[in-house]
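J.: Have a look at this fold, sequence not included:
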């Protein structure tokens, strides 16, 4: 258990490509941080820098009160769960879990006790003598977790651990990982490109884009107050609607639609989540319906507002879908972003 | 479920006929060697090859294995068998160790010119022993290694093929395994011994088969580098015995020669049979 403190950490590859722009942040003891972003955004690189699998170009990385920049991965007191589990194929489950302890010179009794305890926690006890090739995906995932747990590390690192599992198992493992992390109260950094995983698991989310951290916040902060159009469109499914608009004298105009909003004059982007708009005869925004996607509990209505693409997530109440629908935009759900930089206004 | 017996087609019969004939063709010389071994030298030099078993088999094998032979009358079949085993095993083990180490260095360490080094090693395939036999002989005798086991084995050890096979295999080992091992505190040596070698088992078995047989059948190099009869290998020994056909004035020991030929054939066969089970096992339970 430990805090993680990062100061101006960055990564530049020898060919000059900057994978991670200088970033600073603190992670509290026992916190689960999710790094989320599209592929190539630098989230895995950042994780691997913390793990010691990638060199740190500049900045300081502290785990607990030690600067670990130049320590080997093995000396950093971390454990990592890989996307494809990286189990040693020729070792049994028990040996896979014991290997790290054995290399650290733990006694046989200690190893046996730890492995038994972890196996019980993960309900792997009947599988201890199996080889990874004889396990299912979910079981392998558990063994990878077990290998991390037995070491009692200060920090858990997860590199997209659920992306090789099917949807149902992913959901189940998500809950399991979260429970385990809470129970062991270990600080954890979790990398994923799946925003649902990020929202459901994180204490705090770091949204990354093109090597830079766009926003740090709790899941509800990220959802309620996205710091940029990138965060707004990346987090949430379906993504937030973003409309190009013009602010002018306390009004935001899109074509012939005008909303009353206090805002400095200029080009802006108006954001509103598909689930926060509603149909209302009193609505002020005309909606031109083009396509309906049934989701069961709700339906996604694709269409146009002021000539721009717009999605509405409406409850599936069998209301007739006619032309000439009017939408109302609740003032508290509107987000304004700068048209050029995409930053929140 | 209904068992669907496929009707036998004429082409099936022909296919099997060809296979059976092929098998017979391959096995017939072995059979002939066995039958011929079981007769005494007088009969053999009078009548040549024998197609049925006689009563001298035990006698001939005993003589082949335990009677001192050769010019200096100081080596028997058992000693030659042991020499051959030393050469075959030393050759195979040495080659595997060396080429694994080379491939490990090339694949896992950030060496300058690693790719270049690999291709240099690879081009040595163009220079088999036969091409460089004079310089090799010169070097080995210069080092005083003539008539030693190391002189017999060491010059043949460098193996571009082995290095190539292991390199390709190591490249297919997932990167994450290396990283997991690093996090688990396994240094380069431990990773090699604990992870890479066990993962390469089937590769090692395959290369061992090939290299053992190759080493066992070496003829040219042992002939050049060993003049001391106590270092003779089986493959050379057979020749030594049949040589008396041309030089000796006694009846050549055909029976013994045939017995030695059969003995010389056995270890490679056994090795292949023994390792094949490994080989198949490795192929079936794909572990990567």
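T.: Yep, it's here. It should be emphasised that the depicted structure is a prediction, and the values quoted were computed from it without experimental measurement. Numbering: from 1, shown residues only, chains lettered A, B, ... in the order given.
J.: how many neighbours does residue A:244 have?
T.: 14 (other Cβ atoms under 10 Å in any protein chain shown). (Each C-beta comes from the backbone N, C-alpha and C, glycine too.)
J.: I should have written residue A:209 there, sorry.
T.: Burial of residue A:209 is recorded as 19 neighbouring residues (other Cβ under 10 Å).
J.: and the longest helix seen in chain A, which residues are buried?
T.: Here the longest helix in chain A is taken by residue count, with DSSP state H as the criterion, and it is helix A:167-184. Applying a neighbour-count criterion of 16 or more other Cβ atoms under 10 Å in any protein chain shown, the buried positions in helix A:167-184 are A:169, A:170, A:173, A:174, A:176, A:177, A:178, A:180, A:181, A:184.
J.: Return the backbone torsion pair for residue A:159.
T.: According to degrees, to the nearest 10, the main-chain angles of residue A:159 amount to phi -110, psi 100.
J.: That one: neighbour count?
T.: 24.
J.: Spit out the contact partners of it.
T.: Under the criterion of Cβ atoms under 8 Å, 6 or more residues apart in numbering or on different chains, the contact list for residue A:159 reads A:44, A:47, A:48, A:80, A:81, A:82, A:83, A:191.
J.: Looking at the buried residues of helix A:167-184, which one is closest to residue B:190?
T.: Proximity to residue B:190 was ranked across the buried residues of helix A:167-184 by Cβ to Cβ; first place goes to residue A:184, at 27.3 Å.
J.: which one is that closest one nearest to, not counting chain neighbours?
T.: On the basis of Cβ to Cβ, 6 or more residues apart in numbering or on different chains, the spatially nearest residue to residue A:184 that is not a chain neighbour turns out to be residue A:149, at 7.0 Å.
J.: tell me which element the most centrally placed residue in chain B falls in.
T.: Taking Cα atoms, centre = their mean as the criterion, residue B:213 is the residue nearest the geometric centre of chain B, at 1.4 Å. Under the criterion DSSP states H and E, the helix or strand holding residue B:213 is helix B:201-216.
J.: didn't the residue nearest to the centre of chain B look like it was pressed against residue B:268?
T.: Yes: applying Cβ atoms under 8 Å as the test, residue B:213 and residue B:268 come out as touching, 4.6 Å apart.
J.: shared neighbours of the two, anything?
T.: By Cβ under 8 Å, 6+ apart, the residues touching both residue B:213 and residue B:268 are residue B:88.
J.: What residues does residue A:285 make contact with?
T.: For residue A:285, the residues meeting the contact criterion (Cβ under 8 Å, 6+ apart) are A:257, A:259, A:305, A:306, A:326, A:327, A:328, A:329.
J.: Give me the distance between it and residue A:143.
T.: From residue A:285 across to residue A:143, the span is 53 Å (Cβ to Cβ, to the nearest Å).
J.: May I ask you to confirm that residue A:217 is in contact with residue A:205?
T.: Yes: distance between residue A:217 and residue A:205: 6.3 Å, which falls inside the contact criterion (Cβ under 8 Å).
J.: quick one: contacts for residue B:32?
T.: Under the criterion of Cβ under 8 Å, 6+ apart, the neighbours of residue B:32 are B:49, B:51.
J.: So it versus residue B:58, what's the distance?
T.: In this view, residue B:32 and residue B:58 are 19 Å apart by Cβ to Cβ.
J.: same deal with residue B:216?
T.: For residue B:216, the distance to residue B:58 - Cβ to Cβ - is 25 Å.
J.: Run through the residues of chain B sitting next to chain A.
T.: Along chain B, the residues adjacent to chain A under the rule Cβ under 8 Å from any Cβ of the partner chain are B:174, B:176-177, B:179-186, B:190, B:194-195, B:198-199, B:201, B:285-288.
J.: What subset of those is buried?
T.: The neighbour count (16+ other Cβ under 10 Å) marks B:176-177, B:179-186, B:190, B:194-195, B:199 as buried among the residues of chain B next to chain A.
J.: I'd like the residues you listed as TSV, with distance to residue B:78, pLDDT and secondary structure appended.
T.: As requested, these are exported to TSV (distance: Cβ to Cβ, whole Å; pLDDT from 0 to 100; DSSP: H, G, I helix; E, B strand; the rest coil):
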residue	distance to residue B:78	pLDDT	secondary structure
B:176	51	89	helix
B:177	46	91	helix
B:179	52	92	helix
B:180	50	92	helix
B:181	46	93	helix
B:182	50	91	helix
B:183	53	92	helix
B:184	48	91	coil
B:185	49	89	coil
B:186	44	89	coil
B:190	41	92	helix
B:194	39	93	helix
B:195	41	92	helix
B:199	38	89	helix
